[in-house]
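Engineer: Can you look at this prediction? I've put the sequence above it.
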Amino acid sequence: MSNNNPINRRQFVKKVSTAAAVFSIVPRHVLGGDNFTAPSEKLNVAGVGIGGMGASNVNNCKGENIYALCDVHHNHAAKVFNAYPKAKKYVDYREMLAKEKDIDAVIIATPDHTHAVIAMAAIKAGKHVYVQKPMTHNVYETRKLTEAAKAAGVVTQMGIQGHSSNEIRIVREWIEDGAIGDVREIHSWCSLTYYPWGYAYWSPSHSARPTETPAVPDGLDWDLWLGPAPVRPYHRCYHPGSWRAWWDFGSGMMADRGCHTLDPAYWILKLGQPISVEANRTDINNETHPVAAIVNFKFPARGKMPPVTLTWYDGLRPPLPDELTDGWILGSSEGGSLFVGNKAKLMHGVYGESPRLLPETTMKSYKKPAKTIPRVNGTHEQNWLDAIKNGTRANADFEYSGPFTEMIHLGNIAIKLGRKLYWNAEKMEFTNDPEATKLLTRDYRQGWSL
């Protein structure tokens, strides 16, 4: 059997089953040498939404069998389709799941508004799922998806790559070592903005949609792209790429970069569900995310950890801490966090910047602790694949990323309404605001459901 003649792993298992009566174990070297991966060890991976970030997700799984690929815009995703000529090709994920029973695992990297319906369909089909951040488009979808994944026993992962990094583990080790003492404040930010809406392609007033209706590009099924969202004409300001600014499709900067930036604080301090959330924003309408916003979350005490206030700066940076001089910039525009303890402060950048203690004298005198948190071998996607094969949990599975995503969406509801909201997670309601509770979910257009 040659590695140049791949065979479906189920076919392989079936073919060798009779030989199992004679040999209980087939040595790897018999199959093809020390570096050979047996077909029975490869997963059949499918990708849905592969024209953007999904291309990278699929590429990080190329050691498996890329079995099927699906995208509603074949021309936009042509490069990825061409890279895997043996993969089955689809436009509609529903047709793919119905026909391709041999799929083991599905990567979902579509716009936010279709994450939940695709992931739920995959879970119901018994497939393991990797879903790009944010996991869903609203709180209700998140809760239902988390429950469904647990009931089905599938291995899940949300695409927050930093959760598999060494840096997030270093920050946790330092904080748990007592480097900054008790943490009662966190300031996190991403100073980037989506403005102008639709980027360079269109700059309308903040409350209007484009009035022109250009032709739908070749190879794009616009109705499928819309999925459960309300119908509207195609425009370049929505696809490809600029859908994030529009509430019907995206979840704003908080769910885009915030899922990366807020992850360390949520994980390290075991924040759980907030008791209240409040937001101020520069402008508001029912169509687009604001240019800038500040969101305050209040969390209760957790065991020995005191109550904490988490402030998110959307399109802004927080004030420069006193320990930094005017020549400093507080992290990169991509985002970061400032943990404020009763002994010192810790700065951490979201994309691999090493943590730093403030004041500088604390950083110079600090004796770094031993590594106590296991490191992840390989990529975030590989962590998911290994968990599938080993029957373990991936490190950002829905049990973790579900409640985390709920927190993100609570912040977005506060941004939309611009007032303080009191949250009851168990009842899944805002106790002081029925209007806000209605925003926990959305109506799907006819023909779509979880």
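Structural biologist: Done, it's in. Numbering: from 1, shown residues only.

Engineer: quick one: His235 from Trp222, how far?
Structural biologist: His235 is 10 Å from Trp222, where distance means CB to CB, to the nearest Å. To be clear about C-beta, it is placed using only N, CA and C from the backbone, and glycine gets the same treatment.

Engineer: Any figure for the gap between the nearest residue to Glu141 once chain neighbours are set aside and Glu167?
Structural biologist: In this structure, Glu141 finds its nearest non-sequential neighbour in Ala116, 3.8 Å apart by CB to CB, 6 or more residues apart in numbering. Distance from Ala116 to Glu167, counting by CB to CB: 30 Å.

Engineer: Could you do Trp312 as well?
Structural biologist: Distance from Trp312 to Glu167, counting by CB to CB: 20 Å.

Engineer: In terms of neighbours, single out the busier of the two.
Structural biologist: Legend: neighbour count by other CB atoms under 10 Å for Trp312 and Glu167, higher for Trp312 (30 against 17).

Engineer: helix or strand for that one, which one?
Structural biologist: If you go by DSSP states H and E, Trp312 is part of strand 308-314.

Engineer: quick one: contacts for the closest residue to Met120 other than its chain neighbours?
Structural biologist: The spatial neighbour of Met120 that comes closest, neighbours along the chain excluded (CB to CB, 6+ apart), is Leu450 at 4.9 Å. Neighbour list for Leu450: 116-117, 120, 141, 144-145 [criterion: CB atoms under 8 Å, 6 or more residues apart in numbering].

Engineer: could you give the mean pLDDT of stretch 379-395?
Structural biologist: Stretch 379-395 shows a mean pLDDT of 97.

Engineer: For Tyr140, which non-adjacent residue is spatially closest?
Structural biologist: Residue nearest to Tyr140 in three dimensions, not counting chain neighbours: Thr441, with 3.6 Å by CB to CB, 6+ apart.

Engineer: you'd agree the one you found is up against Thr136?
Structural biologist: No. Thr441 is beyond contact range of Thr136, at 10.3 Å (criterion: CB atoms under 8 Å).

Engineer: neighbour count winner among those two?
Structural biologist: Neighbours were counted for Thr441 and for Thr136 using other CB under 10 Å; Thr136 has more, 33 against 16.

Engineer: got a list of what that one touches?
Structural biologist: Counting by CB under 8 Å, 6+ apart, Thr136 touches 112, 115-116, 119, 142, 145, 405, 409.

Engineer: Can you tell me how far the residue nearest to Glu141 is from Glu95?
Structural biologist: Using CB to CB, Ala116 is found at 19 Å from Glu95.

Engineer: can you tell me the helix or strand for Gln157?
Structural biologist: In the assignment (DSSP H and E), Gln157 maps to strand 156-159.

Engineer: elements contacting that strand?
Structural biologist: Secondary-structure packing of strand 156-159 (3 or more CB pairs under 8 Å, 6 or more residues apart in numbering; DSSP states H and E): strand 128-132, helix 380-390, helix 398-417.

Engineer: got the ones you listed as TSV, with mean neighbour count and distance to Met158 columns?
Structural biologist: As requested, the helices and strands packed on strand 156-159 are exported to TSV (neighbours: other CB atoms under 10 Å; distance: least, CB to CB, whole Å):
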stretch	mean neighbour count	distance to Met158
strand 128-132	28	6
helix 380-390	20	9
helix 398-417	24	4
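
Engineer: Trp189 is nearest to which of those?
Structural biologist: Nearest to Trp189, of all the helices and strands packed on strand 156-159, is helix 398-417, at 12.9 Å by CB to CB.

Engineer: Tabulate the CA atom coordinates of that closest one in PDB.
Structural biologist: C-alpha atoms of helix 398-417 as PDB (Å, rounded to 0.1, in the frame of the first residue of the first chain):
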ATOM      1  CA  PHE A 398     -17.900  24.900  23.500                       C
ATOM      2  CA  GLU A 399     -18.000  24.100  27.300                       C
ATOM      3  CA  TYR A 400     -15.500  27.000  27.600                       C
ATOM      4  CA  SER A 401     -16.200  29.100  24.600                       C
ATOM      5  CA  GLY A 402     -20.000  29.000  24.900                       C
ATOM      6  CA  PRO A 403     -20.200  31.000  28.100                       C
ATOM      7  CA  PHE A 404     -17.400  33.200  26.900                       C
ATOM      8  CA  THR A 405     -19.300  33.900  23.600                       C
ATOM      9  CA  GLU A 406     -22.400  34.700  25.600                       C
ATOM     10  CA  MET A 407     -20.500  37.400  27.500                       C
ATOM     11  CA  ILE A 408     -19.400  38.900  24.200                       C
ATOM     12  CA  HIS A 409     -22.900  39.100  22.900                       C
ATOM     13  CA  LEU A 410     -24.200  40.600  26.200                       C
ATOM     14  CA  GLY A 411     -21.700  43.400  25.600                       C
ATOM     15  CA  ASN A 412     -23.100  43.900  22.100                       C
ATOM     16  CA  ILE A 413     -26.600  44.200  23.400                       C
ATOM     17  CA  ALA A 414     -25.500  46.900  25.800                       C
ATOM     18  CA  ILE A 415     -23.800  48.700  22.900                       C
ATOM     19  CA  LYS A 416     -27.000  48.600  20.900                       C
ATOM     20  CA  LEU A 417     -29.100  50.000  23.800                       C
END
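
Engineer: what is the orientation angle of it with strand 128-132?
Structural biologist: Relative orientation of helix 398-417 versus strand 128-132 (axes from the mean of the first three to the mean of the last three CA atoms, to 10 degrees): 30 degrees.

Engineer: Parallel or antiparallel, list what pairs with the next helix or strand after helix 398-417.
Structural biologist: For helix 398-417, the following helix or strand on the C-terminal side (DSSP H and E) is strand 421-424. Take DSSP bridges as the rule and strand 421-424 pairs in its sheet with strand 276-281 (antiparallel), strand 429-430 (antiparallel).
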